[in-house]
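S.K.: After the sequence you'll find the predicted model.
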Amino acid sequence: MANGRLVRIAGAHDALGAKLAQEASFQAVWASSFEVSASRCLPDASVLTMTEYLAAAAAMQKAIDIPVVADVDTGYGNNLNVAHMVREYEAAGITAVCIEDKVYPKVNSFAETAHDLLPLPDFVRKIETAKAAQRGEDFYVIARTEALINKLGVAEALERCYAYAEGGADAVLIHSKRRDQGEIVEFLNGWDGRCPVVIVPTTYPQWAAADAEKHGASVVIYANQGLRATVQALRDTFGTILADGTSLGVEDGIAPISDVFALQKLDDWMALEA
Ligand code: SPV
Ligand code: MG
């Protein structure tokens, strides 16, 4: 982000997805709590533990040369859990974590349920704790507000994000589940640029990244399109094989084994043995 250009991030749940995001030239990978929990067929509802989310994020980071931005939900509890989380993620070589201001346990923002927020001062304390816990200078803490998800309005979202920035957040993430970008534009118009703003245009996919950049967004996360593409591709492929009684019909539309060998770096490994 140092050159002032928009950073585009793709969501993933494992090393393979992270690597394909890098191959496509995304600049970082979002270790999505929605994707990681979905990959276990579990709800994105603070069901998995920190250790499990960390293992997924660390596996991604080991496989790629671009940063992993880990979605760490609420920080897995209270302030001491946040401090422990920061130390563990930092030690695993993760570049950034994103902590959201919902009450633990949280449920995915798109679920039709309550999305209660921590009182503002309590979440500021979480951010301060996270920043105090990090050991190196380069670790990055993103503060995410769910004020718009909780229908509290743009003024509340701005008040919270200004407070989170003052608490030491390196960036703020403003999430919305409206079908248009209206409230995000309103937020960006009210933001003075004191730290970068991250957006997640899942429900307003028509908003082009270039336009978001013009309005002042610094980072755009395509949080779950990879997972959803995988679900659809597997359904189509498995369905066709059974319907046709042969896999011939899918051969032209799926990656060859040699492609998978390349992703596994098989040649490098064989050379190691030699
Ligand atoms: C995720 O990808 O897990 C996110 C984004 O937190 S969302 O699912 O939109 O809440
Ligand atoms: Mg999440």
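M.R.: Right, received. Where do you want to start? Numbering: from 1, shown residues only. Ligands and ions are numbered 1, 2, ... in the order given.
S.K.: For burial, what's the neighbour tally of the residue of the stretch 101-250 of the chain found nearest ligand 2?
M.R.: Closest to ligand 2 within the stretch 101-250 of the chain is Asn108: 6.5 Å, counting by Cβ to the ion. For glycine as for every other residue, the C-beta is placed from the backbone atoms N, C-alpha and C. When counting by other Cβ atoms under 10 Å, one arrives at 17 neighbours for Asn108.
S.K.: do Ala209 as well
M.R.: Considering only other Cβ under 10 Å, Ala209 is surrounded by 16 other residues.
S.K.: count of neighbours near Pro105?
M.R.: 12.
S.K.: do Ala165 as well
M.R.: Ala165, neighbours per other Cβ under 10 Å, totals 21.
S.K.: who touches it in this structure?
M.R.: With contact taken as Cβ atoms under 8 Å, 6 or more residues apart in numbering, Ala165 is in contact with 143, 172, 194-195.
S.K.: Now, those that are in strands?
M.R.: 143, 172 (DSSP state E).
S.K.: which two from the contacts of Ala165 end up farthest apart in space?
M.R.: Farthest apart among the contacts of Ala165 by Cβ to Cβ are Ala143 and Arg194. That separation is 12.3 Å.
S.K.: Look at the two and report which has more neighbours.
M.R.: Ala143 (27 against 12).
S.K.: quick check, Glu52 in a strand?
M.R.: No - with DSSP: H, G, I helix; E, B strand; the rest coil as the criterion, Glu52 is located in helix rather than a strand.
S.K.: what's the spacing between it and ligand 1?
M.R.: Distance from Glu52 to ligand 1, counting by Cβ to the nearest ligand atom, to the nearest Å: 14 Å.
S.K.: pLDDT value on that residue, please?
M.R.: pLDDT for Glu52: 98.
S.K.: Okay, it and ligand 2: tell me how far apart.
M.R.: 14 Å (Cβ to the ion, to the nearest Å).
S.K.: Can you pull the residues of the chain lying near ligand 1?
M.R.: Contact residues (Cβ under 6 Å from any ligand atom) of the chain with ligand 1: 11, 32-34, 44, 71, 108-109, 200, 202, 223-224.
S.K.: Where strands are concerned, which of those count?
M.R.: Going by DSSP E, the strands hold 11, 71 from those.
S.K.: can you redo the residues of the chain next to ligand 1 as JSON lines with pLDDT?
M.R.: Shown next, in JSON lines, are those (pLDDT from 0 to 100):
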{"residue": "Gly11", "pLDDT": "99"}
{"residue": "Ser32", "pLDDT": "98"}
{"residue": "Ser33", "pLDDT": "98"}
{"residue": "Phe34", "pLDDT": "98"}
{"residue": "Asp44", "pLDDT": "98"}
{"residue": "Asp71", "pLDDT": "98"}
{"residue": "Asn108", "pLDDT": "97"}
{"residue": "Ser109", "pLDDT": "97"}
{"residue": "Val200", "pLDDT": "98"}
{"residue": "Thr202", "pLDDT": "98"}
{"residue": "Ala223", "pLDDT": "98"}
{"residue": "Asn224", "pLDDT": "98"}
